[in-house]
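Visitor: What follows is a predicted structure for the sequence shown.
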Protein chains: 2
Amino acid sequence: MEHDQLSLIFGALADPTRRAILARLSEGEATVTGLAEPFDVSLQAISKHLKVLERAGLIVRGRDAQWRPCRLEATPLAEAADWLDHYRQI
Amino acid sequence: MEHDQLSLIFGALADPTRRAILARLSEGEATVTGLAEPFDVSLQAISKHLKVLERAGLIVRGRDAQWRPCRLEATPLAEAADWLDHYRQI
């Protein structure tokens, strides 16, 4: 039950670094190295964040092992936004 | 850094029971017992969920120790919705 898609999406958004990664990807695809650059964290930490985002369906990664650019998938974010929209009317 | 308000809000939303509690409270205030009723979980588990929601600023609770009705606070949800809105345009 805790691992329904909407919970995974909101869980992925519950971290400032992951939100910053999504903001960066909203400008275009990027590699792990490129994504890690603005943050004072290890590549390993960024990879961990990317796995969380990938599991929530918020990013997709290229297949090429050497160059695996990350790309934003906006559809699941729209699903989360739709859920929240209900509460705008209150 | 992980405990910024937006992360607390998204973290609180990352659970189906907590989202169901908010949906229930969007119809009007309720007591812990009333909120627990539709769920197959203990009062203690519901209280734990309410603490997470309260910490994120999504609910407020009455002061009366005997009767502490919970009320939805929609403003923080609007903040989360605003963050997501940026991604609708992608």
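Guide: Arrived safely. Residues are numbered from 1 along each chain as shown, chains lettered A, B, ... in the order given.
Visitor: Which pLDDT value goes with residue A:33?
Guide: For residue A:33, the pLDDT comes out at 90.
Visitor: Go ahead and list the helix or strand containing it.
Guide: helix A:32-36 (DSSP states H and E).
Visitor: So which elements touch whichever helix or strand comes after that helix?
Guide: Next in sequence after helix A:32-36, counting helices and strands by DSSP H and E, comes helix A:43-55. Judged by 3 or more C-beta pairs under 8 Å, 6 or more residues apart in numbering or on different chains; DSSP states H and E, helix A:43-55 is in contact with helix A:5-13, helix A:16-25, helix A:32-36, strand A:59-61. Heads up, the C-betas are built off the backbone N, CA and C, glycines and all.
Visitor: Quick one, which of the ones you listed gets closest to residue A:48.
Guide: Between residue A:48 and the helices and strands packed on helix A:43-55, the tightest spacing by C-beta to C-beta is seen for helix A:16-25, at 9.9 Å.
Visitor: Run the angle between the closest one and helix A:43-55 for me.
Guide: Here helix A:16-25 runs at 70 degrees with respect to helix A:43-55, directions being taken by axes from the mean of the first three to the mean of the last three C-alpha atoms, to 10 degrees.
Visitor: quick one: which of the helices and strands packed on helix A:43-55 is nearest residue B:12?
Guide: helix A:5-13 (8.2 Å).
Visitor: Residue A:51: neighbour count?
Guide: 13 (other C-beta atoms under 10 Å in any protein chain shown).
Visitor: who's in contact with it?
Guide: By C-beta atoms under 8 Å, 6 or more residues apart in numbering or on different chains, the contact list for residue A:51 is empty.
Visitor: Show the pLDDT at it.
Guide: pLDDT for residue A:51: 96.
Visitor: With residue A:66 instead?
Guide: As predicted, residue A:66 sits at a pLDDT of 71.
Visitor: Going by neighbour count, list what's buried in the helix or strand hosting residue A:83.
Guide: Element membership of residue A:83, judged by DSSP H and E, is helix A:75-85. For helix A:75-85, burial by neighbour count (16 or more other C-beta atoms under 10 Å in any protein chain shown) applies to A:76, A:77, A:80, A:81, A:83, A:84.
Visitor: quick one: the first one and residue A:10 touch, right?
Guide: This points to residue A:76. No: applying C-beta atoms under 8 Å as the test, residue A:76 and residue A:10 come out as separate, 10.2 Å apart.
Visitor: residues contacting residue A:39?
Guide: Per C-beta under 8 Å, 6+ apart, neighbours of residue A:39: A:17, A:20, A:45, A:46.
Visitor: separation between the residue nearest the centre of chain A and residue A:14?
Guide: Per C-alpha atoms, centre = their mean, the C-alpha nearest to the average position across chain A is that of residue A:53, at 3.7 Å. The spacing between residue A:53 and residue A:14, counted by C-beta to C-beta, to the nearest Å, is 12 Å.
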